[in-house]
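Colleague: How does the following fold in three dimensions:
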Amino acid sequence: MNTAGDEPANSLDVEVELRRVAAELATEHRRNRQAKARYTAARAVYEEMRIAVDQMQSSKFWTLRQRWFAAKARLRPGSLGAAAHYAPPPMEPYDTVASTYDDFLQRNAFRETDRVWMTSAVGAMKLRPQFSIIVPTYNTPEPYLRAMLDSVLTQVYPFWQLCVADDASTQPHVRAVLDEYAARDARVTLVFRAENGHISAASNSAIEAATGEFVALLDHDDVLTPDALFHHALCVNAAPDVDMIYSDEDKINDDGRLTDPFFKPDWSPDRFLCQMYTSHFSAYRTALVREIGGFRLGFEGSQDYDLVLRLTERTTRVAHVPRVLYHWRIHPASTTAGMETKPYAEIAAKRAIVEALERRGEPGTVESISDLPGSYAIRYALREQALVSIVIPTRDHGGDVDRCLRSIFEKTEYPNLEVVLLDNGTRDHGSLEVIAAWERREPNRLLVVRHDVEFNYSAINNYATSKSRGSYVLFLNNDTEVVTPDWITRMMEQAQRPSVGGVGAKLLYGDGRIQHGGVVLGVGGLAGHSHRFFPRDHFGYYNVLRMTVNQSAVTAACLLMRRSVFDEVGGFDEDLRVAYNDVDLCLRILEKGYRIVYVGDAVLYHYESQSRGYDLTPAQIARDAVEKAYMERRWGFSTIRDPYYNPNLTLLREDFSLAP
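Modeller: Coordinates of the predicted model:
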């Protein structure tokens, strides 16, 4: 009922007004998204330009320039000290600009106020699995032993059992401390072995006493964060059928200082063959651990590595908690001091890997990587030396083509190859002569395919592949040059494996710096190259540049795959004419259930963008924007998370530094 002076609302007017408001909100939302996209792109350009300036200022030319200006200033009358005033302030070194770990800890460290809401969250959990924490002890220094025990007793998540198996310690304080804690908390279960059997036997004794759904491994001198089990329990609630959970970790010294965080990728089976990276804090379904027989005697020092190799042959349900939940103790006898303190551990690790390869029907050998204790190179036996078709698109740039072909035919050890040179409309007379000379020189191994059409990287590679004969296709830019003679062999060892769909290589700029160490999704707004501009021999973040590791994508400047995989995914998407076609291809390969790997021992120079130049014209910039939008629609790059890149690391840079 209307009161005096009120007029009945017109429903049509209300609907019109609602539509107007909705339209304004939609416009504002679109503007905000556009502004965010412009900011992200501008930030990426800023970072790249800053890197370029840094590299310029560290060059010999810049150093000589600065010396010249300093000398001129000193010679100028009345200019004492002028040189120091004239010199521009030094740029902050590239590797110190990002957030430090101390900053990170200030933002993310556990606080007692977290205990309140986490305790409430535990009460709301649908699943409350019990974790049996397995700890073998032997003459543990008392301060370390107490710190370890306290870190368990102060867990937010209450459903745990601590299974300590003492391996016949000779120091009396060990039993006294253990008995003290067992009397304090009934969840502490003690096993005292009559004789010393080393870590595998002692761990098995602890597992025998376990009653929990999961066993979680904790070293006798290390420390858990208070929320470690809470986050593992959350993981079980999110994925009730999970069989293995692991977290990030860091190191702790005797002063309690936390350093050297290891922010890990999600489950990466090929990287795991090269490095036991999951380590701490890991939990495994108890029934599965018992099914595979627990720890094997004779693998001491790498017993966890051997266990996980066998366990992940029974399950692929592996989850990663991207949080530091474990502090690994630094002291001289610990493996944190390096594998050289326990050389038997490396022997056991290599034996565990070789046996895993044999069980999996992929025989091969294991090589230690020089200067990288605890990291390994897997050399799979080639089942056959199948024909590899190297597809190289080109137009003009005869010098690049000559250098590329010369390095392939003169340096490459792999014998069974053909080069399909796709001539996309060469006009330069000298370049035509180079191509003709190579046709005469390699009539049986070089096929020149003329395809004079408007440039479309995807289309011309698809066309060239249709003219090739090999059961393997290797896409290669014409501005590359072979460095390691066994590059194809090493890549073929991976490409022949049924689980692998694409293989990439390490690419270097002409000055020797890293151009490509794999592709990281999300960096710079869409995708970036791992460790770009790093020194050639840099190990990379936790040795990632020197090993064979899983990636979400690799560049098609050097990309090898089975032809059957290429055909299965439909080749390159021809709507992506210039950019992102390799990322898209790799993501479609992943979508089919194959893996992408980067091989750090296959090395080439890549004199990037010499053939087509950079996208600087308005038309090129517009085309790039269209292709970025296409990738966003298909893959959702604004929300995508690269599983092989930890979310605690930055998306603004390509150096694996911490996120700000």
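Colleague: rest of the way, CA atoms for contacts and neighbours
Modeller: Will do.
Colleague: Contacts for stretch 230-239, please.
Modeller: 118, 122, 125-129, 155-157, 242, 245, 319, 321 (CA atoms under 8 Å, 6 or more residues apart in numbering).
Colleague: 10 Å instead, please
Modeller: 118-119, 121-122, 125-131, 155-159, 216, 227, 229, 240, 242-247, 281-283, 317-323, 325 (CA atoms under 10 Å, 6 or more residues apart in numbering).
Colleague: Return the set of buried residues in it.
Modeller: Phe230, His231, His232, Ala233, Leu234, Cys235, Val236, Asn237 (16 or more other CA atoms under 10 Å).
Colleague: looking at this, the last one is in a helix?
Modeller: Yes - with DSSP: H, G, I helix; E, B strand; the rest coil as the criterion, Asn237 is part of a helix.
Colleague: Could you export the buried residues of stretch 230-239 as CSV, including pLDDT?
Modeller: Below are the buried residues of stretch 230-239 laid out as CSV (pLDDT from 0 to 100):
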residue, pLDDT
Phe230, 97
His231, 97
His232, 98
Ala233, 97
Leu234, 96
Cys235, 97
Val236, 97
Asn237, 96
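Colleague: and the contacts of stretch 230-239, which of them are in helices?
Modeller: Among the contacts of stretch 230-239, the members falling in helices (DSSP state H) are Met118, Thr119, Ala121, Val122, Leu229.
Colleague: OK, contacts around the closest residue to the last one other than its chain neighbours?
Modeller: This means Leu229. Excluding the flanking residues, the one nearest Leu229 by CA to CA, 6 or more residues apart in numbering is Tyr157, at 5.8 Å. For Tyr157, the contact set (CA under 10 Å, 6+ apart) comprises 115, 118-119, 121-123, 128, 130-131, 226-233.
Colleague: Select only the buried ones of these in ChimeraX?
Modeller: Selection command for ChimeraX covering only the buried members of the contacts of Tyr157, criterion 16+ other CA under 10 Å:
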select :115,118,122,128,130,131,226,227,228,229,230,231,232,233
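Colleague: returning to that earlier point: mind listing which of the contacts of stretch 230-239 are in strands?
Modeller: Judged by DSSP state E, strands contain the following of those: 131, 216, 244-247, 283, 318-323, 325.
Colleague: Looking at these, spot the one nearest Ser169.
Modeller: Ala216 (22.3 Å; CA to CA).
Colleague: wouldn't that closest one be in contact with Pro136 here?
Modeller: No - look at Ala216 against Pro136 with CA atoms under 10 Å: they stay out of range, at 11.9 Å.
Colleague: residues shared between the contacts of these two?
Modeller: In contact with both Ala216 and Pro136: Cys163, Ile207, using CA under 10 Å, 6+ apart.
Colleague: Could I get the contacting residues of Glu433?
Modeller: Gly398, Glu439.
Colleague: before we move on, what about Gly522?
Modeller: Gly528, Phe637, Ser638, Thr639, Ile640, Arg641, Asp642, Tyr645, Thr650, Leu651, Leu652.
Colleague: My reading is that the fourth one is in a strand; is that accurate?
Modeller: Yep, that's Thr639 we're talking about. No - applying three-state DSSP, one finds Thr639 to be coil, outside a strand.
Colleague: Report the separation between it and Glu632.
Modeller: 9 Å (CA to CA, to the nearest Å).
Colleague: Compare those two (neighbour count), which wins?
Modeller: Taking neighbours as other CA atoms under 10 Å, Thr639 and Glu632 compare with Glu632 leading, 16 against 9.
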